[in-house]
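Just the structure for this:
(4 chains)
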Number of protein chains: 2
Amino acid sequence: MTNSLDSSFSALSDPTRRAVIEHLVRGPATVSDLAAPHDIALPTFMRHLRVLEDCGLVRSVKKGRVRTCHIEAAPMMELQGWLEWQRRVWEGRLDKLAALADQISKET
Amino acid sequence: MTNSLDSSFSALSDPTRRAVIEHLVRGPATVSDLAAPHDIALPTFMRHLRVLEDCGLVRSVKKGRVRTCHIEAAPMMELQGWLEWQRRVWEGRLDKLAALADQISKET
DNA sequence: AAGACACTTAGCTAACTAGCTAAGTATTGG
DNA sequence: CCAATACTTAGCTAGTTAGCTAAGTGTCTT
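Numbering: from 1, shown residues only, chains lettered A, B, ... in the order given. So this is what the prediction gives:
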């Protein structure tokens, strides 16, 4: 689990890879489609795709000479889950502080 | 904005740093407190803290010889915001597909 | 004043990463 | 069948990162 968050967070720390995700949430696309807006060499771009596949954020299928990619929901959920969890704890703490402050102000 | 997401995602791709965040959402803590559970040299740990400070996820104040750290909500929100946005688009797409499927099934 | 404490700085190493070019493989269209 | 297309593999380079040890600075505590 730790390891999965590691690689997902790491994958999304690159703007090119986030752009790929932003593209893919709108629907499946081929490697060429995905690469087109990015001004980098194809092998370099393919490496980014590989990183996204390795951490499970993206899957792809090759048919003939064309590879089509699509997004995978689960790892995105996991990321959201972790962040949401931290927010909950953090907010729980704020609530407690507020309650404490309330209590103190009443006591004075 | 791109740059800020870069560094936040990158910072959280390390388990030690995520552990620090998990600690800090429960309340402020000193460097020693934060470092205690981690079996790494202090300078190494300090570097992790520095990464978290550099991307704005953590702030700290030094008083006497003790440095106290606390979490900063804004960058966490930004991360959540990005993920949430992707999810919305993704789900919007699913909705559209469902609507389309619906329409098609009615037409046949 | 002296020693303990809590960081902090400096500097080194091994591993990883993004970028490139050049050349290769497997389909497909003419 | 031949050329164009769509990746794919191989291999190199420069920059970044996590880890370490050794030594330094500034604050307590006694």
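
Point out the residues in chain A that sit beside chain B.
A:2, A:5-7, A:9-10, A:12-15, A:18, A:21-22, A:25-27, A:71, A:73, A:76, A:79-80, A:82-84, A:86-87, A:89-90, A:93 (CB under 8 Å from any CB of the partner chain). To be clear about C-beta, it is placed using only N, CA and C from the backbone, and glycine gets the same treatment.

what about burial for these, which qualify?
A:5-7, A:9-10, A:12-14, A:18, A:21, A:25, A:71, A:76, A:79-80, A:82-83, A:86, A:89-90, A:93 (16 or more other CB atoms under 10 Å in any protein chain shown).

and those residues, which of them are in strands?
The strands, defined by DSSP state E, take in residue A:71 from those.

Close to DNA strand C as well: tell me which of the buried ones among the residues of chain A next to chain B qualify.
Residues of those in contact with DNA strand C (CB under 7 Å from any atom of the strand): A:10, A:14.

So which of the buried ones among the residues of chain A next to chain B belong to helices?
A:5-7, A:9-10, A:12, A:18, A:21, A:76, A:79-80, A:82-83, A:86, A:89-90, A:93 (DSSP state H).

Can you give me the neighbour number for whichever residue of chain A sits closest to DNA strand C?
Of all residues in chain A, the one sitting closest to DNA strand C is residue A:64 (2.3 Å; CB to the nearest atom of the strand). Residue A:64 has 5 neighbours, counted by other CB atoms under 10 Å in any protein chain shown.

now it: how far from residue B:67?
59 Å (CB to CB, to the nearest Å).

try residue A:69
45 Å.

Compare those two (neighbour count), which wins?
Neighbour count, other CB under 10 Å: between residue A:69 and residue B:67, residue A:69 has more, with 20 against 16.

so who does the residue of chain A closest to DNA strand C touch?
By CB atoms under 8 Å, 6 or more residues apart in numbering or on different chains, no residues touch residue A:64.

again with residue A:45
A:16, A:31, A:34-35, A:38.

Which positions in the helix or strand harbouring it come out as buried?
Element membership for residue A:45, per DSSP states H and E: helix A:42-54. Neighbour counts over helix A:42-54 (16+ other CB under 10 Å) mark A:45, A:48-49, A:51-52 as buried.

just the CA coordinates of that helix, formatted as PDB?
Taking Å, rounded to 0.1, in the frame of the first residue of the first chain, the C-alpha atoms of helix A:42-54 are listed here in PDB:
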ATOM      1  CA  LEU A  42       8.600  10.100 -28.700                       C
ATOM      2  CA  PRO A  43      10.800   7.700 -26.800                       C
ATOM      3  CA  THR A  44      11.000  10.200 -24.000                       C
ATOM      4  CA  PHE A  45       7.200  10.500 -24.000                       C
ATOM      5  CA  MET A  46       6.800   6.700 -24.100                       C
ATOM      6  CA  ARG A  47       8.800   6.600 -20.900                       C
ATOM      7  CA  HIS A  48       6.300   8.800 -19.200                       C
ATOM      8  CA  LEU A  49       3.500   6.600 -20.400                       C
ATOM      9  CA  ARG A  50       5.400   3.600 -19.000                       C
ATOM     10  CA  VAL A  51       5.700   5.300 -15.600                       C
ATOM     11  CA  LEU A  52       1.900   5.800 -15.600                       C
ATOM     12  CA  GLU A  53       1.300   2.200 -16.600                       C
ATOM     13  CA  ASP A  54       3.800   0.900 -14.100                       C
END
